[in-house]
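Undergrad: Using only what follows, build the 3D model:
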Amino acid sequence: MVRVVYRWLVAPENFEEFQNSWRSTTNKIHKTVPGAQGSFLLKSCEDSSQVVTIAKWDCLQSWKDFWGDKNPKQMKGMTLLAERVSVEVFEEIDDQSR
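TA: Numbering: from 1, shown residues only. Here you go, the predicted model:
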């Protein structure tokens, strides 16, 4: 299992639209892309323009197959509303969340 951490800068006036786009995008990817396990959205308590989305994938290769040219068409709506600052992939070692 891997987790992909996307860091975004979202103008406060675009946050609600970004959230709606993220929700739609995540649900579509989860339903249509092999290996996609969903995502969650976080917003900084100290700087509301800093947003993190964390996607869960069954394996690194599934995410690489989706990522392809580093700008998946499914994420276009989100990239029109925010600046994607970084993308990092982490191997999930253990999960004790409930």
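Undergrad: which residues in this structure form helices?
TA: Taking DSSP state H to define them, one finds helices in the chain at 15-32, 60-67, 76-81.
Undergrad: So what angle separates the directions of the first one and helix 60-67?
TA: Counting by axes from the mean of the first three to the mean of the last three CA atoms, to 10 degrees, helix 15-32 points 120 degrees away from the direction of helix 60-67.
Undergrad: in helix 15-32, what's buried?
TA: 15, 17-19, 21-22, 25-26, 29 (16 or more other CB atoms under 10 Å). Backbone N, C-alpha and C define where each C-beta goes, glycine included.
Undergrad: dump the residue contacts of residue 13.
TA: Going by CB atoms under 8 Å, 6 or more residues apart in numbering, residue 13 touches no other residue.
Undergrad: Return, as residue ranges, the portions of the chain with sub-threshold pLDDT.
TA: Applying pLDDT under 70 to the chain picks out residues 69.
Undergrad: The closest residue in space to residue 17 that isn't next to it in sequence and residue 12, how far apart?
TA: Residue nearest to residue 17 in three dimensions, not counting chain neighbours: residue 81, with 5.7 Å by CB to CB, 6 or more residues apart in numbering. Per CB to CB, to the nearest Å, residue 81 is found 12 Å from residue 12.
Undergrad: Between the two, which has more neighbouring residues?
TA: residue 81 (19 against 10; other CB atoms under 10 Å).
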